[in-house]
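Participant: Any chance you could fold what I've pasted below:
(one chain, ligands or ions: 1)
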Amino acid sequence: MQNEFQNIPENFSAIFIRSDKEYQNIIFLSPSVQKYFGYSSEEIISSPKLLFKKIEVAHFSEVKEFFRRLKKGLPSIVDFTVIKNENEKFFLRFRAVPYYEEDKLKYFDGIMFEVYEELQQKALLEESEKQLKVLFETAEDLIFILDSSGNFVLVNANGALALEYLTDEMKGKHILSFIDESTKSSFIKAFQKLLASSSVQTFETRFLSKYGKSIIFELNARTIFDDYKKIIGVIAIGRNITSRNSLEDKVKDLSHKLVEARRIISVERDRAKQRISVLEELNRLKNEFVSNISHELRTPLASIIGFSETIDSDTSMPEEMKKEFNKIILEEAKRLANLINDVLDISRIEGGKIVLNKTEFDINEILRNCVEKIRPNAKAKRITLSVDIPPEVVLVLADEERITQLFENLLANAVKFNVEEGRVTVLAQNLFKEYEVIISDTGVGIPAQDLPFIFQKFYRVSRPGTEIPGTGLGLALVKQIVDHHKGLITLQSEENKGTTLIIKLPLLNYQG
Ligand code: ADP
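Facilitator: Numbers count the residues shown, from 1 in each chain. Presented below is the predicted three-dimensional model:
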């Protein structure tokens, strides 16, 4: 066997060695020892201490322990550095086993081989572990390991500091005791999901610092398994996103405000549109008024001019006819004057320039006179006038001319907007505190959508096809007169059925 070893080439990368059981003498040493130790096998066999001369001092204690175990008859292993010379160093692993014959220790067989790569990797691993540790300790993030029950096993100093704790204060404590009450239930749910999966889970959690600060972390966590796939813990890294969240909150808040601003803009736009449409409506009413008033002025003027010309050109016209024509001219001129007065009145009243010329008079009598004045018009349409005005004298203190105007306007409308063979009812009664007049007709009525505007000046119900001429001033004037007398006017109407107007005026002794 010795001969066989002898044949191992010098540059073989392992050294075989056999020594006696005392380790005093080397029985055999392969020539490859020269490559690592710089001595020939013969030199070492004659002086085994040479081997120790080349082992790095730092490894002496491990080497001693190695021989101690061997001498006890146990297989042994040691790693050490051999310094062959200034430029050459080797990392060797020495494995040796005792050899027994009939239960008696005979010798030791050993092998030394280079473990350079392995050691280097170990050194690298140690280095990266060191770096990892630095990273672990200096990282701004919260890095921690929990055991299988959820207690902190490890937590980095900065992470603990972010929660205003020292590492040791957290170690051994359950993670749940560091979670803000508001997110506990969602945290438990996320944690259960994490335990059920082997992949990294990301979730947000609100931690509570030692002094009650609420800090939001985005956690990236994963379970740790042992060789038997049993969960032994959880490793996690958390990023403090409190400021990010507060920014997000601000963005959310701003976007709410933006929505609100947009809504205000759209409301304002609608209002502007409405204002424009009111202006357009006013403009339309004004145009309509101008065309109506022209028509209203032209009609009486046409008859005035027509009849005057006839009288003028026909010298042989009988006196009777002339009188008749003059009467018509006079009536038309009065109508014209009334119309012009209406227009002037309304602007005067509206401008606050109206001064009531109040006198004491019997309002029943005025009403009766107005009914009589309208009778010919009613007759022309075969309208029945049903009048119930008590014969008593009811005194009011009011502007007689205006009250006359008021009744005339309402009665004129009741006839004008009535149907052929319709009915107009006039009721008057003394209610002791006030005087009430009800003027009702069976006419065309006013559509519900027009009712709110009916007392506005120039407002006219448009009835395409059956347009009844007018200026839209009558009711506005009526309302102004009632208001100035501290009275009350109400209007009820149903389309195609008729209209009822109720006017209440204070009596003489009850005027404010
Ligand atoms: P005008 O009669 O000159 O048009 P008014 O101010 O008197 O103006 O009336 C306004 C509008 O109200 C009229 O265009 C008419 O359509 C409606 N109206 C007034 N009185 C009656 C009524 N008794 N029945 C039906 N419609 C009426």
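Participant: next one: phi and psi at the closest residue to the ligand within the stretch 101-250 of the chain?
Facilitator: Relative to the ligand, the nearest point of the stretch 101-250 of the chain is residue 250 (58.3 Å; CB to the nearest ligand atom). C-beta here means a position set from N, CA and C on the backbone, and glycine is covered the same way. Backbone torsions of residue 250, given as degrees, to the nearest 10, read phi -60, psi -40.
Participant: now swap in residue 315 and tell me
Facilitator: The phi/psi pair for residue 315 (degrees, to the nearest 10) reads phi -70, psi -20.
Participant: That one and residue 411: what is the separation?
Facilitator: Distance of residue 315 to residue 411, computed by CB to CB, to the nearest Å: 41 Å.
Participant: With residue 183 instead?
Facilitator: Per CB to CB, residue 183 is found 80 Å from residue 411.
Participant: out of those two, which sits in the more crowded spot?
Facilitator: Neighbours per residue (other CB atoms under 10 Å) separate residue 183 from residue 411, with residue 411 holding more: 24 against 18.
Participant: contacting residues for that one?
Facilitator: Taking CB atoms under 8 Å, 6 or more residues apart in numbering, we find residue 411 in contact with 370-371, 373-374, 424, 426, 439.
Participant: who wins for neighbours among those?
Facilitator: residue 424 (25 neighbours).
Participant: And the contacts of stretch 50-68?
Facilitator: Residues contacting stretch 50-68 (CB under 8 Å, 6+ apart): 23, 36-39, 43-44, 76-84, 94, 96.
Participant: now do stretch 386-397
Facilitator: Outside stretch 386-397, the residues within contact range by CB under 8 Å, 6+ apart are 358-365, 367-368, 371, 403, 423-430, 435, 505-508, 511.
Participant: Report the buried members of those residues.
Facilitator: Buried members of those, counted by 16 or more other CB atoms under 10 Å: 361, 363-364, 367-368, 371, 403, 423-430, 435, 505-507.
Participant: Can you narrow these down to the ones near the ligand?
Facilitator: Applying CB under 6 Å from any ligand atom, the subset of those adjacent to the ligand is empty.
Participant: Now, these that are in strands?
Facilitator: Using DSSP state E, the subset of these located in strands is 361, 423-430, 435, 505-506.
Participant: out of those residues, who's nearest residue 379?
Facilitator: Of all these, residue 424 has the smallest distance to residue 379: 11.4 Å, by CB to CB.
Participant: where are the low-confidence patches of the protein?
Facilitator: 1-8, 347, 349-354, 467, 469, 509-512 (pLDDT under 70).
Participant: Domain ranges for it, per the record?
Facilitator: Listed by automatic domain parsing, the domain ranges of the chain are 2-120, 139-243, 272-510.
Participant: distance between the ends of the second one?
Facilitator: Using CA to CA, to the nearest Å, the gap from the first to the last residue of domain 139-243 comes to 18 Å.
Participant: That one: how far from the chain's middle?
Facilitator: Counting by CA atoms, centre = their mean, to the nearest Å, domain 139-243 is centred 33 Å from the centre of its parent chain.
Participant: Then the first one?
Facilitator: When C-alpha coordinates are averaged (CA atoms, centre = their mean), domain 2-120 and its chain have centres 80 Å apart.
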